[in-house]
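S.K.: got a predicted model here, sequence first, then my questions.
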Amino acid sequence: MPLPIEQYALVGDCHTGAHIGSDGSVDWLCLPRFDSPACFAALLGEPRHGRWLVAPCAAVRSVSRRYREGTLVLESDFETAEGRVRVIDFMTLSTERWDLVRIVEGLAGEVAMRTELIVRFDYGSIVPWVHRVDGVLTLVAGPDTLELDSTVELKGENLHTMGRWIATPGRRECFVLTYRPSHRRSPGRIDAAAALGACEHAWRRWSGRCRVHGRWQVPVMRSLLTLRALIFRPTGGIVAAPTTSLPERLGGVRNWDYRYCWLRDATFTLNALLVSGFEKEAVEWREWLLRAIAGSPADLQILYSVTGVRRLDEQELAWLPGYQGAHPVRVGNAASRQFQLDVFGEVMDTLHLARLSGIAPEPEAWNVQCALLEFLEQHWQQPDDGIWEVRGPRRHFTHSKVMAWVAFDRSIKDAEQDGLEAPLERWRAARAAIHREVCARGFDAARGTFVQSYETTHLDASLLMIPQVGFLPPDDPKVLGTVAAIERELLVEGLVMRYTSDPGVEALPPGEGAFLACSFWLADAYALCGRMAEAEALFTRLLGLANDVGLYAEEYDPRAQRMLGNFPQALTHMALVNTARLLSLSSPEREKASAAGERPAAVSATAAR
């Protein structure tokens, strides 16, 4: 059975990522891209579906893990009755090859070690043909080839590749697993020690650009490194998570493929990168966004592949039993065909923030924006599928309408500030009409709170975005009432659930964990409302929920004290960075943002220029 989600760590090369358990097993790896079929899929099944174990033979007394400072190089120290041993894991940061490197060093005593390699291509369904070429183990099936170069003698047993040795102080054994398309020549061997040095240098050169300082520098830096690992370097697109089908409820059916790029994450990503000093990555993300949304506004999707591919048809992999029995396992995502109004607001907010921050506008960007707003003028009054991609009937979701307001608001500001040609009177009329409708139909006056959708009483944590985006000031009674209602009805053990569960809305069985990004949003709301002590207390608690190497999943079960959902989750790490920045602002800076009707981080990013 796979380990608890929080017992995994990620190493990556900005093309894909490997999940390594605290037991020394690589249980998930897709090659050559995040969204490629997995060659190790034990995370969603059993070892027979593919894994790579490097661990002591005897019982392990304790394991301690850490990333080397400023890097994505993982160290795992195992202690047994025989002694102590260290496993160093990383992926080479190359644009020309894909390598997962594992180096084993003895620390004390004599520790019997073993390795077990089970490669199963296409999500655990295909057994490769195994042979040796010039002393390198070669595993081939169809379009995919893996090569294992090892200083340890290996042999085959029952379609597994096995090896054993004794780790002693001063002795180092190295394993390099290299991927290549089957029709290409081998890229050749690499020196593992030299590759380790180059990898550390490259990560530290990147992390050294960070402008974040102060009391939360360590968790912010780890989150930024995680976000960088989730950016697909060739295009600049950032995946929501490098996994699929890790459940939002253990044993449940809420299992989705997150190995794609959501437009909704755009502003959160740009905020986190800009306020931290990573302008180059912010520009690359903006460029990916503009390429992805190019075309007819009617064809705008909420998510795309890392290259911008639109067809992400969802299918189920019946041969995989799922993470600890959570079935079905899905690849692809049917939400790509949903209609979600809020993404128009996220796109416009992103491009607006880029302008505020001094990123030179793409010449065609304004034409794209105008075309999108022309479409939005005709469609903002339609129901949609909402921020949480529910699979029930479309509704008039309040958050979706608020973000439609943001789309017009940001574009009006851009036109006014930069003298751009635009039908401003029409846009102002649409902005005002949306605001009136949301305040009239999206607000429950009897309870003093905004609601999830028109004509319902359900609450939704996405309503915490209302003061963040400037729709209403933080001290408005409607905002204060909404925060109070969310505290009353959506908190579980002090953490925030996404919404009031209703099978009629979701068309899914109820039950999931607290949503970590929403919990950070509540800390943001506290800060904007002047409740700084409560904001910092909640933020401190959330920092304590990270796993031993500083990573977060999408959700957390506060009662079982377990992480849930895909892992690591980009949105959670983005929220951490942005909340840390918000809490670091002075009261005048927060008030300035509210007065301008801007996201606080936008003002912060502008001031940092």
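M.R.: Now that the structure is in, tell me what you want to look at.
S.K.: helix, strand or coil for residue 552?
M.R.: coil (DSSP: H, G, I helix; E, B strand; the rest coil).
S.K.: now it: how far from residue 164?
M.R.: Distance, residue 552 to residue 164, using CB to CB, to the nearest Å: 36 Å. For the C-beta atoms, the positions are set from N, CA and C on the backbone; glycine is no exception.
S.K.: these two - which one has more neighbours?
M.R.: Between residue 552 and residue 164, counted using other CB atoms under 10 Å, residue 552 has the larger neighbour count: 31 against 14.
S.K.: in what helix or strand does the nearest residue to the more buried one once chain neighbours are set aside lie?
M.R.: Closest residue in space to residue 552, ignoring its immediate chain neighbours: residue 572 at 4.2 Å, by CB to CB, 6 or more residues apart in numbering. Here residue 572 sits within helix 570-584, counting by DSSP states H and E.
S.K.: before we move on, what about residue 164?
M.R.: Taking DSSP H and E as the criterion, residue 164 maps to strand 160-167.
S.K.: what lies in contact with whichever helix or strand comes after that strand?
M.R.: Remark: after strand 160-167, the chain's next helix or strand is strand 172-181, criterion DSSP H and E. When contacts are defined by CB atoms under 8 Å, 6 or more residues apart in numbering, strand 172-181 is touched by residues 31-32, 39, 52, 54, 97-105, 113, 115, 117, 143-152, 165, 167, 186-187, 189-190, 192-193, 195.
S.K.: stretch 474-486 too?
M.R.: Against stretch 474-486 from outside (CB under 8 Å, 6+ apart): 439, 443, 447-450, 459, 461, 463-464, 466-467, 472-473, 496, 522, 525-526, 528-530, 594.
S.K.: sorry, back to before: helices and strands around the strand holding residue 164, which ones?
M.R.: Counting contacts by 3 or more CB pairs under 8 Å, 6 or more residues apart in numbering; DSSP states H and E, strand 160-167 packs against strand 98-109, strand 111-118, strand 155-157.
S.K.: buried residues, the longest one. List them.
M.R.: Neighbour-count burial for strand 98-109, counted by 16 or more other CB atoms under 10 Å, picks out 98-107, 109.
S.K.: what is the mean pLDDT for the host helix or strand of residue 467?
M.R.: For residue 467, the element it lies in under DSSP H and E is helix 465-468. Helix 465-468 carries an average pLDDT of 95.
S.K.: list the buried residues of the very next helix or strand once past that helix.
M.R.: Toward the C-terminal end, the helix or strand that comes next after helix 465-468 (DSSP H and E) is helix 477-489. Residues of helix 477-489 classed as buried by neighbour count (16+ other CB under 10 Å): 478-483, 485-486.
S.K.: bridged to residue 105, which residues?
M.R.: Beta bridges link residue 105 to residue 86, residue 172, judged by DSSP bridges.
S.K.: hmm, back to that, any chance of the buried residues of helix 477-489 in a markdown table with distance to residue 559 and pLDDT as columns?
M.R.: Output for the buried residues of helix 477-489, formatted as a markdown table (distance: CB to CB, whole Å; pLDDT from 0 to 100):
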| residue | distance to residue 559 | pLDDT |
| --- | --- | --- |
| 478 | 32 | 98 |
| 479 | 30 | 98 |
| 480 | 29 | 98 |
| 481 | 28 | 98 |
| 482 | 26 | 98 |
| 483 | 24 | 98 |
| 485 | 23 | 97 |
| 486 | 19 | 98 |
